[in-house]
Structure formats: C-alpha cells, structure tokens
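Trainee: Sequence and predicted model, in that order:
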Amino acid sequence: MTGALETFFHEVNESLIMAIASIRTNKLRSILTLLGIAVGVFSIIGVMTAMGVLISSIENGMTFLGANTFQVQRTPAMMTGDPKEMVKVMNRRNITYEQALRIKESASLAKAVGIFCYLNSQKVVVAEDGKKTNPSVNVSGRDIESFLANNWIIDEGRLFSQGELNSGSHVAILGADVVKKLYPKSDPVGQTIRVDKHKYQVIGIVKSKGSVLGGDNESFVLIPLSTFFSIYGKDQGFSFKVQADAMAIDDCMEQVRGILRTARHVPPAAEDDFSIISNDSLITQFNEFTKYLKLGIIIVSSIALLAAGVGIMNIMLVSVTERTREIGIRKAIGARKINIMTQFVMEAVLLSEFGGMFGIILGIFGGNAIALLLDAQPIIPYDWVLIGFLTCSLVGIVFGVYPAWKAANLEPIESLRYE
Amino acid sequence: MNNSYVINLQQIKKIYDMGGAEEVQALRGVSVQIGKNEYVAIMGPSGSGKSTLMNIIGCLDTPTSGLYEFNSINVSEMNDNQLAKVRNKEIGFVFQTFNLLARSNALHNVELPLIYAGVSSAERKRLAHEALEHVGLGDRVHHKPNELSGGQRQRVAVARALVNRPSILLADEPTGNLDSKTGDEIMVLFEELHTQGNTIILVTHEEYIAEHAHRIIRLRDGMIEADEIVKNRKSITTE
Ligand SMILES: Nc1ncnc2c1ncn2[C@@H]1O[C@H](COP(=O)(O)OP(=O)(O)O)[C@@H](O)[C@H]1O
Ligand SMILES: [Mg+2]
C-alpha cells in the first residue's frame, strides 16, 4: 500500500517537472493562456481585498463609533435602496428629547449616554477676520456625557460648564478640521465665530483622532444642547450615543432597546422603529450593502474563468497534437494511460495555477490600494486566496481532463508514425 | 509448445484495411520462435513487413490474427496496463529514427523507462548514468539530442532500451540513419550486448550487417522466405 502511494507521489512529482519544462518551452503561448485566468482571479481577489480592508477598518474602530459604543438614531447608517424599506424608514417618528432623557435615567448598564441633536444641513463657519470654512461643517447640540461617549478629549480650553449648559450660552467647541481652516496659526480659544446669524465664543477644541476613512468628519462645531434648542427649536430629531463596558455591551443594547420601545409604544411583535448602530451592525449592513456587488464580481469572474478554461482546453488540445510523437515514445517505453493522463492534467492545472497566483498577487496589491488611500491596515483575504487558488486548480482539472484523456488513449504505433 | 521461447509467433497476420475493398496484407501468416540469448537478424526488401513484425513483437501494434506468446504469456489477452508493463520492463526497442525526447537531455531520456517502472530518483540517476557509461556516453549525460551526433543519439536510445534490463532488445534498422562507420560502432555495441547475455532481434537490409547475427530470417511479401543459421559468423571490428 505504501509502495503504491510512493509510486503515485513519484508520478505526480515527475509530471510536475515535465509540466514545468513544457510550460517553459512554450512560454509565450502559456503566458497568454494564463493571463485569462489571472484576470478572472484578479477581479475577485481585488474586490474581496478591498472589502476586507473596509470591514477591518470598521472593526478596528476607525469609524465615528468608538470602542464599546453604539448609537441610537431614527434612520439606519446605510440603506439597501429597497423603496419599501425607504418609505418605512422615512415614516418613522423622531426620537424625542424626552425619550433620550428616559434612556439616560433608566439605562443602568450604560456608562455614559450622550444626547445630541444636529442639523440636517451643513454650515459655513466664519471667523472674525472673515476666513470661512467650506459649507460642510456639522453643527450639533451636545450634553456633557457626549464627550465621554465619543471619547472626545479637550485639547485646549475647556468643556461646557453646567451653567453654560443650563442657560444656553453662545459658546462653542471646535473640531480639528475647523481649527485647521480658520485658525492655522493663531489660538482659537477666546475668539468668536459665526454660524448663520449667530455668534459663539470658542471655549475649547477637541483633540484630533486622525483621519478616519478618508472623510473630514472632524469638521464640526459643538454647542450646548440648550443653546441649540433656543436657536433651532426642540422638535428636531434626537440621537444618542451610549457607552458601555466591553463585557456588557450586548446586554446594554438590549436594555436600551427595551426602554426605547416602551417609551415609543412599539407593539410587542412589531420591529424597532429606530436604528441601533454599532460596529457589528455596521459590518452587517456593509455586507448587506455589498452583497450584490460581491455576487456581480463572482459572476463576472466565473465567466472570465470559464472563458480562460476553454482557452486552456484549446492550448492543451494543440499541445497533445503537437506532442503526439512524444506521447508515442513515452508509451513505447512503458508509460501507462494513467501516467500520460496525470502528466497532461497536471500541466493544465499548473498552467491554471500559475495564472491564478499571478491574479492573486495583483488582486492583493490592487485591493490594498484602497487601504493606502484610507490610511488603513493592508490585509490578505486568506479565505478568498484559498478559494481562488482552488477554483483555478479545478478549472485546470475540468478543462485538462478531455485533452489528457485524448492523449492517454492514443495508439502507441499510430502516434509514433505521426509526422 | 516449448516453454523456453521468449517469442512464439503462430500464423501472425496483419491486414491494413484501406477502405472499400482495398486492403494491404503486410504479414500473411508468420510463424517463428526465438529463444533466450539468440541474436536474430530480420532481412528483406522494403515493404516486406519487417517493421510491422517488429512492432507486433514489441507490443506496439496488434496482429489482425494469429497467436503471439511473450515468455509463454498470450499477449492478445493482456490489458493496456499489462502491455505497458511488458513494454517497460521486458522489451527494449531501438528505432531507426532514434525517437528521443528532443527537449530532454540524455540522462533524462534514459531515466524515462525507470520513471514508469517506479524507481526512486537517486536509484534512477545511478542506473541511467551506468547505462550511458555502458554505451560510452558517460561524458555526454547532460547533452540534449540536438547536441549529439547521430551515432551518439542512437547510443542514448540503446542505453534507454537496456536500462530496465529487458528480456529482449529489438532494433528496427538501428543503423539506417547512420553513416557506415558509425553504423559499425553501433553493431559492435550490439555484439557486446549479445555476449553479455542479451537476446537481440535486429532488422536490417544490409547483408554484411546481418552476417554478424547467429540467425537470419528473410521476409518477402509478408511471409518468411528463409530462416537460416549463420555458418561463418563475422566479428565486427572498427579500425
Ligand atoms: N499504417 C499502415 N497503413 C497501411 N499500410 C501499411 C501501414 N504500415 C505499413 N503498411 C504497409 O505494409 C507493408 C509492410 O510495411 P513495413 O512493415 O513497414 O515494411 P518494411 O519495414 O519491411 O519496409 C507495406 O506494404 C506498407 O505499405
Ligand atoms: Mg521498415
């Protein structure tokens, strides 16, 4: 038994050497064929790598959500584009201040609940000397726990005082991008800024967390919640961000969901009429969102691989014809059918795998270009690398079998006579 | 039937159907027995069926009818794998046109039968080297066929035919593509191989080459015309 196994490995090894030699001697033709495979594998690995980078950057907490926090808001972070779903979401009632307060009071598992309210439109911020930001600044009203829930650290200046929060003072804390734009050289603390017609005194700036997913989401102005009410009214929609202990985050989420459902009178069987956004839910939504993209890529790649497989079959048939005499010689000196078969299938598989490897390497580099763009950690999608590799091996086998079978069944004397 | 024959042919016929009513009778009932350590020359004019007969003996071709026993085993009852095994282990075939793998060097060409015999790599290298030394090509092992002379190529082919220590060596006009001096060198080699105990069947149409054999079988129109023992055997010497 071990003898037979040894002979088999031996044969595989020999076929491998022979296959490599014959690929070498037909370099150009082989390269053209394996290019087809490479393209198919490249597209799939490239896209999967890029998505992997995005997912891992979400996982690494490089989003607006810090570690162990989740955010509750009226609408989901991403929508699939299903019109029915959209209508449903649009008809949801706002989260009211009272509901948010109720969470703050009753959610015992939460470490911090930051309530905030923001405008649907983004604003231009003007400095005293007339410098302006782009109209892309988010203005939001905040309570004190928002800073905890967001892991915002005051770099310079100070937080809102309780007095300022109660009285609705016109004070503001700036995000790093606004500071960069308006006060590139000077100290912003103590300066006055203007948003719409309203003036605020800058009392602090939030320490930059570094660029996140390439966006300028440190382009914000924070004002006390009460100030926000007095200017923009209290019937805006509220969102709140909850921070919990790592161990208790799931329980905390359930608790918050329960309280909010009760507060909003959601019937027991009905689904939530609000959205809880966590890193996990972001990944789920991202996957949902990109499901069709993935499917499309898989279909396109499959077609490319199928075409490449036909190419391999073609080149192998030519190869069999060209090497009829060689096959005859091998048979004359004792090659069995299985030997010839193994050799040609192996050659097709190798051809396919070389192409696949090429595609995998290109795909990993191509897909990680997005990591470079986002300043994220590059990744290697091992599962897809394996799938890609196995798929092209399979392509080699499937499309190599017929030519190999043809070669194996040549009559020795006929093939020796072949000119 | 005497069981000591290596080759036993009874009424072997080979008919090529050329389509329609046309057919070529390449062999028309050949019966012959060849024993161990014989040195037989097959002679005859072109088209008399010499190659056809050799291919059948070498298990490369199958007769239309007749009985062929190789070492007392009926060849027509063998399956593909058994035939491959006989071709691999029992028969060494030397062709007029050498039939070496053009892309492989001498060593690999000689190794090939050992690969199919399942011999391990180190042992293969050793045996192939030995066989090439034996035919006087110990210093040409890494040359490809196109880097070798005709005579050297045929020596590689002989080394390949012998490397698995077959029961019988078949050679179909092995000197046909060589000049007479190189041809003689190959004949010297066969003579040596015979004295070392090899059984040899050789096709030639040169009388002076045939005279080195012990027995001459003459074919004409697919039939045996004469089967004679050589009385005054000549020994080949090359000056
Ligand atoms: N594959 C074939 N198809 C048809 N006829 C063949 C084939 N091979 C050989 N022949 C015929 O059989 C006869 C014997 O051929 P062959 O054995 O090659 O002769 P020799 O080797 O003695 O010159 C010839 O008439 C030849 O034309
Ligand atoms: Mg002939």
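Mentor: Yep, it's here. Ligands and ions are numbered 1, 2, ... in the order given.
Trainee: Please enumerate the strands of chain B.
Mentor: Here chain B has its strands, by DSSP state E, at B:5-17, B:23-35, B:39-43, B:65-70, B:73-74, B:91-94, B:168-172, B:199-203, B:215-220, B:223-229.
Trainee: can I assume A:I23 sits in a helix?
Mentor: Yes: counting by DSSP: H, G, I helix; E, B strand; the rest coil, A:I23 is found in a helix.
Trainee: So which residue is dead centre in chain B?
Mentor: Geometric centre of chain B, nearest residue: B:L170, 1.3 Å, by Cα atoms, centre = their mean.
Trainee: follow-up on the earlier one: please identify which of the strands of chain B is closest to chain A.
Mentor: For chain A, the closest of those is strand B:91-94, at 5.8 Å, according to Cβ to the nearest Cβ. Quick note: C-beta positions are derived from backbone N, CA and C, even for glycine.
Trainee: ok, back up a step: out of the strands of chain B, deepest packed?
Mentor: Among the strands of chain B, the stretch with the highest mean neighbour count (mean count of other Cβ atoms under 10 Å in any protein chain shown) is strand B:91-94, at a mean of 26.
Trainee: Please identify the pairing partners of it and their relative orientation?
Mentor: Using DSSP bridges, strand B:91-94 pairs in its sheet with strand B:168-172 (parallel).
Trainee: Tell me the pLDDT of whatever residue of chain B ends up closest to chain A.
Mentor: Nearest residue of chain B to chain A, counting by Cβ to the nearest Cβ: B:N88, 2.2 Å away. The model reports B:N88 with a pLDDT of 96.
Trainee: Pull out the buried residues from stretch B:68-86.
Mentor: B:68-71, B:75, B:83-86 (16 or more other Cβ atoms under 10 Å in any protein chain shown).
Trainee: near chain A at all, that stretch?
Mentor: Yes: contact of stretch B:68-86 with chain A is found when judged by Cβ under 8 Å from any Cβ of the partner chain, involving B:80-81, B:84-85.
Trainee: could I get those residues as a markdown table with pLDDT and distance to ligand 1?
Mentor: Below are those laid out as a markdown table (pLDDT from 0 to 100; distance: Cβ to the nearest ligand atom, whole Å):
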| residue | pLDDT | distance to ligand 1 |
| --- | --- | --- |
| B:D80 | 94 | 20 |
| B:N81 | 94 | 25 |
| B:A84 | 96 | 21 |
| B:K85 | 95 | 25 |
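Trainee: Out of those, which sit inside helices?
Mentor: Among the residues of stretch B:68-86 next to chain A, the members falling in helices (DSSP state H) are B:80-81, B:84-85.
Trainee: of all of chain A, which residue lies closest to ligand 1?
Mentor: A:R417 (6.5 Å; Cβ to the nearest ligand atom).
Trainee: And for that residue, the neighbour number?
Mentor: 13 (other Cβ atoms under 10 Å in any protein chain shown).
Trainee: how about the residues of chain B near chain A?
Mentor: Within chain B, the positions near chain A by Cβ under 8 Å from any Cβ are B:55, B:58, B:60-61, B:80-81, B:84-85, B:87-89, B:93, B:95, B:99-101, B:103-104, B:112-113, B:115-118, B:120-121, B:160, B:164.
Trainee: go with 7 Å
Mentor: Selection of chain B residues close to chain A by Cβ under 7 Å from any Cβ of the partner chain yields B:55, B:60-61, B:80-81, B:84-85, B:87-89, B:93, B:99, B:101, B:103, B:112-113, B:115-118, B:160.
Trainee: mind listing which of the residues you listed are in helices?
Mentor: Members of those lying in helices (criterion: DSSP H): B:55, B:80-81, B:84-85, B:87-89, B:112-113, B:115-117, B:160.
Trainee: Are any of those residues buried, and if so which?
Mentor: For those, buried by 16+ other Cβ under 10 Å: B:55, B:84-85, B:87-89, B:112-113, B:115-117, B:160.
Trainee: Next, give me the two most distant ones among those.
Mentor: Greatest spacing in these, by Cβ to Cβ: B:N55 and B:I115 (23.1 Å).
Trainee: quick revisit: okay, the strands of chain B in JSON lines with distance to A:M79 and mean pLDDT next?
Mentor: Output for the strands of chain B, formatted as JSON lines (distance: least, Cβ to Cβ, whole Å; pLDDT from 0 to 100):
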{"stretch": "strand B:5-17", "distance to A:M79": "75", "mean pLDDT": "95"}
{"stretch": "strand B:23-35", "distance to A:M79": "80", "mean pLDDT": "95"}
{"stretch": "strand B:39-43", "distance to A:M79": "88", "mean pLDDT": "95"}
{"stretch": "strand B:65-70", "distance to A:M79": "79", "mean pLDDT": "96"}
{"stretch": "strand B:73-74", "distance to A:M79": "78", "mean pLDDT": "95"}
{"stretch": "strand B:91-94", "distance to A:M79": "75", "mean pLDDT": "96"}
{"stretch": "strand B:168-172", "distance to A:M79": "80", "mean pLDDT": "96"}
{"stretch": "strand B:199-203", "distance to A:M79": "85", "mean pLDDT": "95"}
{"stretch": "strand B:215-220", "distance to A:M79": "89", "mean pLDDT": "96"}
{"stretch": "strand B:223-229", "distance to A:M79": "92", "mean pLDDT": "94"}
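Trainee: Columns distance to A:A376 on top of those strands, output as TSV?
Mentor: Putting the strands of chain B into TSV (distance: least, Cβ to Cβ, whole Å) gives the following:
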stretch	distance to A:A376
strand B:5-17	73
strand B:23-35	76
strand B:39-43	79
strand B:65-70	72
strand B:73-74	72
strand B:91-94	65
strand B:168-172	70
strand B:199-203	75
strand B:215-220	82
strand B:223-229	86
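Trainee: still on that earlier bit, next up, the contacts around the nearest residue to the residue of chain A closest to ligand 1 once chain neighbours are set aside.
Mentor: What sits nearest to A:R417 in space, not counting adjacent residues and going by Cβ to Cβ, 6 or more residues apart in numbering or on different chains, is A:G328, at 7.8 Å. Contacts for A:G328 (Cβ atoms under 7 Å, 6 or more residues apart in numbering or on different chains) come out as A:410, A:412, A:415-416, A:418.
Trainee: And for B:S120?
Mentor: B:S120 makes contact with no residue under the criterion Cβ under 7 Å, 6+ apart.
Trainee: which phi and psi does it have?
Mentor: Here is the backbone geometry of B:S120 (degrees, to the nearest 10): phi -70, psi 160.
Trainee: So B:Q154 sits against B:G176, correct?
Mentor: No: contact criterion Cβ atoms under 7 Å: B:Q154 and B:G176 do not qualify, at 9.8 Å.
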